[in-house]
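Undergrad: here is the input, now give the coordinates:
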Amino acid sequence: MVLPRVLLADDRALKALAAARGWYVSETAAKLINVGLQHAAELPDDLPRRVAATESTDFTARIPLSDNTLLRSIASERDRSISLVAGALVKLGLRHRNELLGQIPAQYDHLEQRLTKAS
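TA: Numbers count the residues shown, from 1 in each chain. Below is the predicted model:
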């Protein structure tokens, strides 16, 4: 589990995405962290050491153990808190949200046949 610290604008985008998908905010954040980790090379070099409480919010997100290991490694390498790195990964995930699974519903109408009594 991590406590991502996200900027208020990113929090609004996160909540809007969660609502649009019908997901919990923590579930959405975990998925965005995963997408962010896939693009970790795009994290800014100058991550802040702190973010004011008036400019951010934090919450709990349950992430897979493999993501947790990568997140902690990045935080350690950059000498930043896990919460701030997790928040930066959420922001990065929001930028690449089109990569979330289920983004575009599959269209199978042309493959389905009409139901019959036997169906």
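
Undergrad: drop to CA atoms for contacts and neighbour counts, all remaining ones
TA: Will do.

Undergrad: so what's the spatially most central residue of the chain closest to, chain neighbours aside?
TA: Nearest to the mean C-alpha position of the chain, by Cα atoms, centre = their mean, lies residue 32 at 1.5 Å. Among residues not flanking residue 32 along the chain, residue 93 sits closest, at 4.4 Å (Cα to Cα, 6 or more residues apart in numbering).

Undergrad: all helices of this protein, in order?
TA: Using DSSP state H, the helices of the chain run over 8-21, 25-38, 65-78, 82-95.

Undergrad: of these, which approaches residue 45 most closely?
TA: In terms of Cα to Cα, the element of the helices of the chain nearest to residue 45 is helix 65-78, at 8.3 Å.

Undergrad: that closest one: which residues count as buried?
TA: By neighbour count with 16 or more other Cα atoms under 10 Å, helix 65-78 contains the buried residues 67-68, 71-72, 74-75.

Undergrad: other SSEs contacting it?
TA: Counting contacts by 3 or more Cα pairs under 8 Å, 6 or more residues apart in numbering; DSSP states H and E, helix 65-78 is packed against helix 25-38, helix 82-95.

Undergrad: let's go with 7 Å and repeat that
TA: Of the remaining helices and strands, those touching helix 65-78 by 3 or more Cα pairs under 7 Å, 6 or more residues apart in numbering; DSSP states H and E are helix 82-95.

Undergrad: if we can go back for a sec, mind putting the helices of the chain in a markdown table, distance to residue 101 and mean pLDDT included?
TA: Output for those, formatted as a markdown table (distance: least, Cα to Cα, whole Å; pLDDT from 0 to 100):
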| stretch | distance to residue 101 | mean pLDDT |
| --- | --- | --- |
| helix 8-21 | 11 | 95 |
| helix 25-38 | 9 | 96 |
| helix 65-78 | 16 | 96 |
| helix 82-95 | 12 | 96 |
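
Undergrad: that older thread, and the residue nearest to the centre of the chain, what does it touch?
TA: 90, 93-94 (Cα atoms under 7 Å, 6 or more residues apart in numbering).

Undergrad: recalculate using a threshold of 10 Å.
TA: 14, 26, 38, 86-87, 89-97, 99-100 (Cα atoms under 10 Å, 6 or more residues apart in numbering).
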